[in-house]
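Colleague: Below is the sequence, then the predicted model.
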Amino acid sequence: MSAVGIIAWWEIRRIPYNLIVGVTGILVVIMITLGAWACEARGGVPIGYCDPPFLMFFGIFIYAFMANVCYTVGWITELFIRACKGADNGIGRVLFFTGLLFSIALTVAPGILLGIMQILEIISLSRSHGC
């Protein structure tokens, strides 16, 4: 496959990549927001809530931009490996799926960490209120 063919292969997959990572991110933001509201409703600190809220959208934009920069590094890496090794050894698929899984894990990680903090906050509030 030519360099143009490799880049085309990657670029065709950019849309599904963005959809998968984007939907994952939206679900994580919803979970973080619901957890923050639950903490606040019990009289605690709304852990994970941005104040002012528009800062969350700024962070989401930066994250999406950087995810696409890293995605582009995927096809650059494949071109480099093919230039050094020569033959098609399936490295493009390996790089794509490894990068996708890493992107999903990286997107979910803040939700897990903040979720744990939110649960601990709610437990702490329950204990301090004698519940």
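Modeller: Arrived safely, thanks for sending. Bear in mind that the values here come from a model prediction, so they are computed numbers and not experimental data. Residues are numbered from 1 along each chain as shown.
Colleague: make it CA atoms for all contacts and neighbour counts henceforth
Modeller: Noted.
Colleague: so where does the spatially most central residue of the chain fall, helix or strand?
Modeller: For the chain, T107 is the residue whose C-alpha lies nearest the centre (CA atoms, centre = their mean; 2.1 Å). Under DSSP states H and E, the secondary-structure element containing T107 is helix 91-128.
Colleague: circling back to that earlier point, Three-state assignment for the nearest residue in space to the residue nearest to the centre of the chain that is not next to it in sequence, please.
Modeller: Among residues not flanking T107 along the chain, G25 sits closest, at 5.9 Å (CA to CA, 6 or more residues apart in numbering). Applying DSSP: H, G, I helix; E, B strand; the rest coil to G25 yields a three-state assignment of helix.
Colleague: how close does G25 sit to S2?
Modeller: According to CA to CA, to the nearest Å, G25 and S2 sit 34 Å apart.
Colleague: okay, these two: which has more neighbours?
Modeller: It is G25, of G25 and S2, that has more neighbours when counted by other CA atoms under 10 Å, with 21 against 9.
Colleague: The more buried one is in contact with V108, isn't it?
Modeller: Yes: shown here, G25 and V108 form a contact pair, counting by CA atoms under 8 Å, at 7.2 Å.
Colleague: Would you mind writing the CA trace of stretch 68-75 as CSV?
Modeller: Listed next in CSV are the C-alpha coordinates belonging to stretch 68-75 (Å, rounded to 0.1, in the frame of the first residue of the first chain):
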residue,chain,number,x,y,z
ASN,A,68,-7.2,13.8,17.0
VAL,A,69,-3.6,14.9,17.1
CYS,A,70,-2.7,11.6,18.7
TYR,A,71,-4.8,9.8,16.1
THR,A,72,-2.7,11.5,13.4
VAL,A,73,0.4,10.2,15.1
GLY,A,74,-1.0,6.7,14.4
TRP,A,75,-0.7,7.0,10.7
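Colleague: and that stretch, average pLDDT?
Modeller: Across stretch 68-75, pLDDT averages out at 93.
Colleague: what does that stretch rub up against?
Modeller: 6-7, 10, 14, 92, 95-96, 99 (CA atoms under 8 Å, 6 or more residues apart in numbering).
Colleague: likewise stretch 20-33?
Modeller: Counting by CA under 8 Å, 6+ apart, 48-49, 64, 100, 103-104, 107-108, 111, 114-115 sit against stretch 20-33.
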